[in-house]
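*Asks:* could you look at this predicted model? Sequence included:
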Amino acid sequence: MALLWKLASVLVVALAGVADAKTADGRVNANIQRRPSVPIVPLPDVGPVTSRNGTQLPPYNTTYYFDQLIDHTNPSLGTFKQRYWTTYEWYETGGPIILFTPGEANAQPYSGYLTNRTINGQIAQELGGVTIVLEHRYYGLSNPYGDLSVKSLKYHTIQQAIDDLEYFAKNVDLPMPGGDAVKPGQAPWILVGGSYSGALTSFTMVNKPNLFQAAYASSAVVESIIDYWGYFQPILEWMPKNCSTDVQAVIAHIDSVFTSGNKKEIDSIKALFNMSALTHLDDAAGALRNNLWDWQSLSPSSGGGLFFEFCDALEVKNGVSAGPNGWGLEHALQAWGSYWTNTYYSILCGDEDVVTCLGTYDPTQEEWTDISVDNAGRSWMWIVCNEVGFFQEGAPKGHPTIVTRLVQPPYDERQCTYMFPEAFAHLGHLPVPNVDATNKAYHGWFVQENHLFFANGHRDPWREATLAADGTHFRSTPGQPLAISDGFHCSDLSTTNGQVDSTVLAVQKQGLQAIAGWVAEWKPSKH
Ligand SMILES: *[C@@H]1O[C@H](CO)[C@@H](O)[C@H](O)[C@H]1NC(C)=O
Ligand SMILES: *[C@@H]1O[C@H](CO)[C@@H](O)[C@H](O)[C@H]1NC(C)=O
Ligand SMILES: *[C@@H]1O[C@H](CO)[C@@H](O)[C@H](O)[C@H]1NC(C)=O
Ligand SMILES: *[C@@H]1O[C@H](CO)[C@@H](O)[C@H](O)[C@H]1NC(C)=O
Ligand SMILES: *[C@@H]1O[C@H](CO)[C@@H](O)[C@H](O)[C@H]1NC(C)=O
């Protein structure tokens, strides 16, 4: 049922909006789409890194540079410096090379993914491998050109990113003894990714057969979907019942008032959330998605977090928690308004005013016009507007919804035209991300590869774009296992999550076992 809905929406819709911009947590605007990002795993606080035989190695945070082709279809355009981090802490001659990119982010904070605090390091430790964290093109400091203008973004495509992985594997001389002789064919390569980079992992197995001996894709958003209202469905399903009942009641009420034309009632709701200065009602109602978006940062080891603080604000009255039916509309609306204005707004927006933080209708706003590099929100928006969509909207009528139905794909598609006018303004209509082409090229949900392990989590808001989406029933096979924990987004990438959640540990063990078996089958070859 959910699948049918999604297929239908893919045919109908259009596209746009994106990721993060500078508020309290470094954003410019808090009313744009969330990225499906890989959680950061901090580096352990240990002494010097040593190899198996006790030799001291460079620290994990040592940055290396690879000369990457700007355009894989035209090498004469030259190269740019692509950053990477690596360690051979666990390496034994003949061991695998484990390549990971965090995808759509500056990769520098991700050097924890070199260590055994992550599945990457666990694989390396078990199989005597090398770990590598590679920064994705157009993120962080790995840029072909000095800005993120539309002209510069010409080579920012999923296909170029896949080609990067191949060119890197085939040409890198790793900074370790014998590091110039561990190319594919000389050593087994393993690709690991999560979230968007999990999808990239699946796409690469489809697009570059026989390059990687094995792959591990966590929370891989393989199916590109324009109207991705399914984002909020796992949240609705797993959040406390009283909270979901009340949130649905408040949203239904706000949607009803905001579409009623009753100015007095509209103004009183806006005033309750201190949003009187916002003229566009979709901005006002859409802003409330932030409380739900907070679910994405949960993990089995993270404890409560902001999401549960929000539910407590709605459901705990004079020290008493509501039953499964909640307290009802009247209390929930007042409580949400009060929590939003007195506590949450400053967490979300810092000291930005409400129009700057939550208004999306000013095309001259810095959010849309800043083209400096290392702006992951902008780089991701480019991929969103062109190739993947993933607009996190209210559910279609007839489905329960915890976010406003006032926000639909045209809301985000308009943001694409603000951010990239040179690319989209001449169209004369809103731009529609070409998700059909993406799904066709890389097989989306219908991927059938060998030596490709999929790990997912029931509580992941991105689950509906993975092989564990409701209503899909994709089978787990020996060549392409599908393992699902009770975890959240990419929970199984982190060792700590396995230590606190046995379902996550089971997925990690199954993954390690599968990878070890495939690596054991590897034989040297000419590449
Ligand atoms: C220890 O390992 C390093 C790096 O692999 C190597 O260069 C060195 O020769 C080894 N030393 C011994 C005593 O095996
Ligand atoms: C790397 O980490 C060490 C601490 O382990 C720190 O002193 C050093 O400044 C860091 N280097 C870089 C380039 O971040
Ligand atoms: C992880 O690696 C560190 C060395 O970097 C080691 O001390 C520790 O025992 C390892 N943890 C596990 C669970 O193997
Ligand atoms: C009701 O809300 C409280 C506070 O957020 C929560 O701890 C509790 O689990 C919820 N109970 C039900 C039945 O949803
Ligand atoms: C409401 O917003 C105004 C301006 O946007 C701000 O000055 C004021 O402090 C806010 N009030 C509360 C209670 O947050």
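*Replies:* Good, I have the coordinates. Ligands and ions are numbered 1, 2, ... in the order given.

*Asks:* just the pLDDT for whatever residue of the stretch 401-527 of the chain ends up closest to ligand 4.
*Replies:* With CB to the nearest ligand atom as the measure, the residue in the stretch 401-527 of the chain that lies nearest ligand 4 is residue 402; the distance is 13.9 Å. Using the backbone N, CA and C atoms, a C-beta is placed for each residue, glycine as well. On the pLDDT scale, residue 402 is placed at 98.

*Asks:* who's in contact with it?
*Replies:* Listed by CB atoms under 8 Å, 6 or more residues apart in numbering, the contact partners of residue 402 are 232, 235, 236, 239, 244, 247, 248, 251, 292.

*Asks:* state the distance from it to ligand 5.
*Replies:* 24 Å (CB to the nearest ligand atom, to the nearest Å).

*Asks:* count of neighbours near the closest residue to that residue other than its chain neighbours?
*Replies:* Leaving out its chain neighbours, the residue that sits closest to residue 402 by CB to CB, 6 or more residues apart in numbering is residue 247, at 4.7 Å. Taking other CB atoms under 10 Å as the neighbour definition, residue 247 ends up with a count of 27.

*Asks:* which helix or strand contains residue 247?
*Replies:* In this structure, residue 247 is located in helix 241-258 according to DSSP states H and E.

*Asks:* buried ones in the next helix or strand after that helix?
*Replies:* The C-terminal neighbour of helix 241-258 among helices and strands, as given by DSSP H and E, is helix 263-272. The neighbour-count criterion (16 or more other CB atoms under 10 Å) identifies 266, 269, 270, 272 as the buried residues of helix 263-272.

*Asks:* just stretch 494-504 next, same as before
*Replies:* Counting neighbours by 16+ other CB under 10 Å, the buried set in stretch 494-504 is 494, 495, 496, 497, 498, 501, 503, 504.

*Asks:* now the second one: how far from residue 190?
*Replies:* Looking back up the chat, that one is residue 495. 17 Å (CB to CB, to the nearest Å).

*Asks:* what's the answer for the first one, then?
*Replies:* Noted for residue 494: a distance of 18 Å to residue 190, by CB to CB.

*Asks:* and the last one, by the same measure?
*Replies:* For residue 504, the distance to residue 190 under the criterion CB to CB works out to 20 Å.

*Asks:* excluding chain neighbours, what is closest to the residue in the stretch 201-350 of the chain that ligand 1 sits nearest to?
*Replies:* As assessed by CB to the nearest ligand atom, ligand 1 sits closest to residue 213 within the stretch 201-350 of the chain, at 22.0 Å. The shortest distance from residue 213 to any residue other than its chain neighbours is 3.9 Å, reached at residue 188 (CB to CB, 6+ apart).

*Asks:* can you put the contacts of residue 402 in JSON lines and add distance to ligand 5?
*Replies:* Converted to JSON lines, those look like this (distance: CB to the nearest ligand atom, whole Å):
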{"residue": "232", "distance to ligand 5": "27"}
{"residue": "235", "distance to ligand 5": "26"}
{"residue": "236", "distance to ligand 5": "29"}
{"residue": "239", "distance to ligand 5": "26"}
{"residue": "244", "distance to ligand 5": "27"}
{"residue": "247", "distance to ligand 5": "21"}
{"residue": "248", "distance to ligand 5": "26"}
{"residue": "251", "distance to ligand 5": "22"}
{"residue": "292", "distance to ligand 5": "21"}
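
*Asks:* from the contact counts, what lies against the helix or strand hosting residue 285?
*Replies:* Assigned by DSSP H and E, residue 285 belongs to helix 281-287. Counting contacts by 3 or more CB pairs under 8 Å, 6 or more residues apart in numbering; DSSP states H and E, helix 281-287 is packed against helix 241-258, helix 263-272, helix 354-358.

*Asks:* who's in contact with that helix?
*Replies:* Counting by CB under 8 Å, 6+ apart, the neighbours of helix 281-287 from elsewhere in the structure are 30-31, 251, 254-255, 258, 266, 269-270, 273, 275, 278, 358-361, 403-404, 406-407, 411.

*Asks:* try 7 Å this time
*Replies:* Under the criterion CB atoms under 7 Å, 6 or more residues apart in numbering, residues 30-31, 254-255, 258, 266, 270, 273, 275, 278, 358-361, 404, 406-407, 411 lie in contact with helix 281-287.
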